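*Asks:* with the sequence up front, the predicted model follows.
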Amino acid sequence: MKQLAKFFWFTLAAIFLIEAWLWDYVGGFLRWLYDIIPLAALKAALARGLDKLPAPLALVIFVIPIILLEPLKLVAIWLLGHHHVVWGVVTFCFAEAFTAGIVAFLFDALREKLLSMPWFFKLYEWVLQVNAWAHELVRPYKEKILEEMRELRAWAQEKLAAHGQSPFIRRLVALREQMRRKSKSA
């Protein structure tokens, strides 16, 4: 029973960290996309409009994408249940990534308004604590995986060195070195 509880908490922490990763990277991509859009006047008007919003209305705008995109996950489950595995997985991944990205983007834009509400601020602090807990719970497993990866890399390099006389391996090593030189000069 203790192993099952440990597995449950680890899975919960891993899911949370995947969500946090999506929040960071997809949200970052949307921020980058927003930054390269050459419509300065529109962006300034949008920023002024968001600044004028009262906190409760900012919360509504923050929650709208979640309400609109979460049903896509139900569609994904329906697709999986009807043996459309690829479409179900693609739909779920799209819904997950897009929701996290849009919510992260909106949180950045509305952060000051949202955190001005005491209950939201407490929720935000709790999420930060959960994030720290999840990182701490997953850390030993992550370190073990990285250690195994280093050992696997060392083993592969040893095997390649032992077979270094092969013309194929020599070409492969030369190609790898050429690619490294090109990436350093770029």
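*Replies:* Happy to help now that I have it.
*Asks:* longest helix of this structure?
*Replies:* Taking DSSP state H as the criterion, the chain has its longest helix at helix 118-162.
*Asks:* give me the pLDDT for the most centrally placed residue in the chain.
*Replies:* Nearest to the geometric centre of the chain sits L22, at 1.9 Å (Cα atoms, centre = their mean). L22 is assigned a predicted lDDT (pLDDT) of 76.
*Asks:* okay, now the unreliable bits of the protein?
*Replies:* 42, 162-165, 186 (pLDDT under 70).
*Asks:* let me see the ranges of the helices in it.
*Replies:* Under DSSP H, the chain gives helices at 2-36, 40-52, 55-81, 85-115, 118-162, 167-185.
*Asks:* deepest of these, which one?
*Replies:* Of the helices of the chain, the one with the most neighbours on average (mean count of other Cβ atoms under 10 Å) is helix 85-115, at a mean of 17. From N, CA and C alone the C-beta is placed, and that goes for glycine too.
*Asks:* now find how far off-centre that one is within its chain.
*Replies:* 10 Å (Cα atoms, centre = their mean, to the nearest Å).
*Asks:* quick one, that helix and helix 40-52 angle?
*Replies:* 60 degrees (axes from the mean of the first three to the mean of the last three Cα atoms, to 10 degrees).
*Asks:* against which helices or strands is helix 85-115 packed?
*Replies:* On a contact count with 3 or more Cβ pairs under 8 Å, 6 or more residues apart in numbering; DSSP states H and E, helix 85-115 meets helix 2-36, helix 40-52, helix 55-81, helix 118-162.
*Asks:* quick one: that helix to helix 55-81, angle?
*Replies:* 170 degrees.
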